[in-house]
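Q: Model the structure of this input:
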Amino acid sequence: MPRAPSSGARNGEPRFRRRLGPLPLCALLMLAACARNVRPTPPLPPRVTPEQAVKLVPPDVKEREGWAEDVMAALEAHRLYPSAEAVCSVLAVIEQESGFQANPPVPGLAKLVQQRMEAYADKLGPLGPPAVRALLEGKAPGQTQTFEQRLGQVKTERDLDRIFRELLEYYETEYPKTYTAAKLASALFKSTRLEDLNPITTAGSMQVSVRFSEELAGGDEQALRRVREELYTRGGGVYYGAARLLGYETHYSDPIYRFADYNAGFYTSRNAAVQQQVSRLTGLSLVQDGDLLAYDKQGEPVDEDSNSLKAILTFRQRYAPDLSERRVRKDVSREKELDFEETDTWNAIKKAYQEVTGETPEYARLPTVVIRSPKMSTERSTAWFAQSVNKRYQKCMGRYAALPK
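A: Next up, the predicted model:
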């Protein structure tokens, strides 16, 4: 379930910067706070056994054993310690996002696709509608129905995703041969990417970002094709979703903030607290969306300064003149990394907030992010999502507490 585009959103998808690798010990502690420079290291919580994992899956779920097995396999594959917190976190997101369905159906999907195609055609000008109609009249190899007929019958994410991939392949190979205004139509299509019509940007039982999954798999063409299919399997959806949820280190003391990050992007909850503190210190109103920079649709920083960065630069002038503007900009560029917390800018904000307000600065807070999705009938928020997942997580932890130890 993606977030609505904002100054830092990328088509509603969480941003990521690099492939995941072996994780440090504090990442293995999962949702427990990992206090830096504290020794000795706290002991690991009890390891969940495969038998216990089955009992953590809600009792009314079909194939409880299969879901439990896939969750445990995903944690092992990513070198994530199978604590109750980790297992229940993954199970809670699965329950929230799909109700334990590997290929979840989407009500009204056919109508949604039709509306998107019509809106896209209108954006292309007078030639748009006939160009799109001609494209939809085509047929994929081995199919007896046109793309339009097949799109009108879709029920699940996988069905729609497959048709769109075939449509793109048809457009690239066959379409120019069948439409008389091929050159003009091609220019029109390139002005707005045909790929963007595919509403499937999050997929599978955990509704994980497709782009994140593709990057994790390697990003080559063969991997891209494989990932799109794997996401609609039980094991594949859990594999990529577990990596997105737990495969990065944080210092959160409450799992609800990690759930918010899953919806809105890495370190969104942590950065929302920074925005609140800078706003209070400077008196400048900021949307606490967790993005300190402005980003384009591909998730890359743009040259234009965001309101949050402008406010941080104002903070520098008033409270930390020894910090250079260049240093602040360099520090803020690390906002999607854990070591942003080691920067001079981070430390200056926290210190000034403590001194000016007399209050201990929050490490994290739920961000203010609106969720809009073609799969949803109404708008929601990241806070709503995190709270809903957290309720399911707490029930799972209750089931764990009731197990014989």
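Q: Let me see the domain layout of the protein.
A: With automatic domain parsing serving as the domain definition, the record reports that the chain contains domains spanning 25-104+204-247, 109-201, 265-357.
Q: Make TSV out of the ones you listed and add distance to residue 390.
A: From N, CA and C alone the C-beta is placed, and that goes for glycine too. Supplementary listing: the domains of the chain in TSV, determined by distance: least, Cβ to Cβ, whole Å:
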stretch	distance to residue 390
domain 25-104+204-247	7
domain 109-201	24
domain 265-357	12
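Q: Could you dump those domains into CSV with mean neighbour count and mean pLDDT added?
A: Shown next, in CSV, are the domains of the chain (neighbours: other Cβ atoms under 10 Å; pLDDT from 0 to 100):
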stretch, mean neighbour count, mean pLDDT
domain 25-104+204-247, 19, 88
domain 109-201, 16, 76
domain 265-357, 18, 96
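Q: nearest to residue 384, of the ones you listed?
A: Judged by Cβ to Cβ, the one of these that comes nearest to residue 384 is domain 25-104+204-247, at 10.5 Å.
Q: Would you pull up how far that closest one lies from the middle of the chain?
A: 14 Å (Cα atoms, centre = their mean, to the nearest Å).
Q: next one: stretch 358-372
A: The gap between the average C-alpha position of stretch 358-372 and the chain average comes to 18 Å, counting by Cα atoms, centre = their mean.
Q: just to revisit the earlier point, tell me which of the domains of the chain sits nearest to residue 401.
A: Comparing those under Cβ to Cβ, the one sitting nearest is domain 25-104+204-247, at 8.6 Å.
Q: Residue 281 sits in which helix or strand?
A: With secondary structure defined by DSSP states H and E, residue 281 is part of helix 268-282.
Q: how about the CA coordinates for that helix, as PDB?
A: Provided in PDB are the C-alpha atoms of helix 268-282 (Å, rounded to 0.1, in the frame of the first residue of the first chain):
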ATOM      1  CA  THR A 268      10.700   8.200   7.700                       C
ATOM      2  CA  SER A 269       9.700   8.000  11.400                       C
ATOM      3  CA  ARG A 270      13.100   9.100  12.600                       C
ATOM      4  CA  ASN A 271      13.300  12.000  10.200                       C
ATOM      5  CA  ALA A 272       9.800  13.200  11.000                       C
ATOM      6  CA  ALA A 273      11.000  13.800  14.500                       C
ATOM      7  CA  VAL A 274      13.900  15.900  13.100                       C
ATOM      8  CA  GLN A 275      11.300  17.900  11.100                       C
ATOM      9  CA  GLN A 276       9.200  18.500  14.300                       C
ATOM     10  CA  GLN A 277      12.200  19.700  16.200                       C
ATOM     11  CA  VAL A 278      13.500  22.000  13.400                       C
ATOM     12  CA  SER A 279      10.000  23.400  13.000                       C
ATOM     13  CA  ARG A 280       9.700  24.200  16.700                       C
ATOM     14  CA  LEU A 281      13.200  25.800  16.900                       C
ATOM     15  CA  THR A 282      12.700  28.000  13.700                       C
END
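Q: which other helices and strands contact that helix?
A: Taking 3 or more Cβ pairs under 8 Å, 6 or more residues apart in numbering; DSSP states H and E as the contact definition, the neighbouring helices and strands of helix 268-282 are helix 255-264, helix 307-319, helix 344-357.
Q: hmm, back to that, residue 397: which of the domains of the chain is closest?
A: Proximity to residue 397 (Cβ to Cβ) singles out domain 25-104+204-247 among the domains of the chain, at 5.3 Å.
Q: what about the strands in the stretch 151-300 of the chain?
A: Listed in chain order, the strands of the stretch 151-300 of the chain (DSSP state E, counting those that start in this stretch) span 202-203, 208-209.
Q: how far does stretch 238-256 stretch from start to finish?
A: Its start and end residues considered, stretch 238-256 measures 19 Å (Cα to Cα, to the nearest Å).
Q: Kindly present the helices and strands packed on helix 268-282 as TSV, with separate columns for distance to residue 111.
A: TSV is the format used below for the helices and strands packed on helix 268-282 (distance: least, Cβ to Cβ, whole Å):
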stretch	distance to residue 111
helix 255-264	25
helix 307-319	37
helix 344-357	47
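Q: Quick one, which of those helices gets closest to residue 243.
A: Each of the helices and strands packed on helix 268-282 was scored for nearness to residue 243 using Cβ to Cβ, and the closest is helix 255-264 (11.0 Å).
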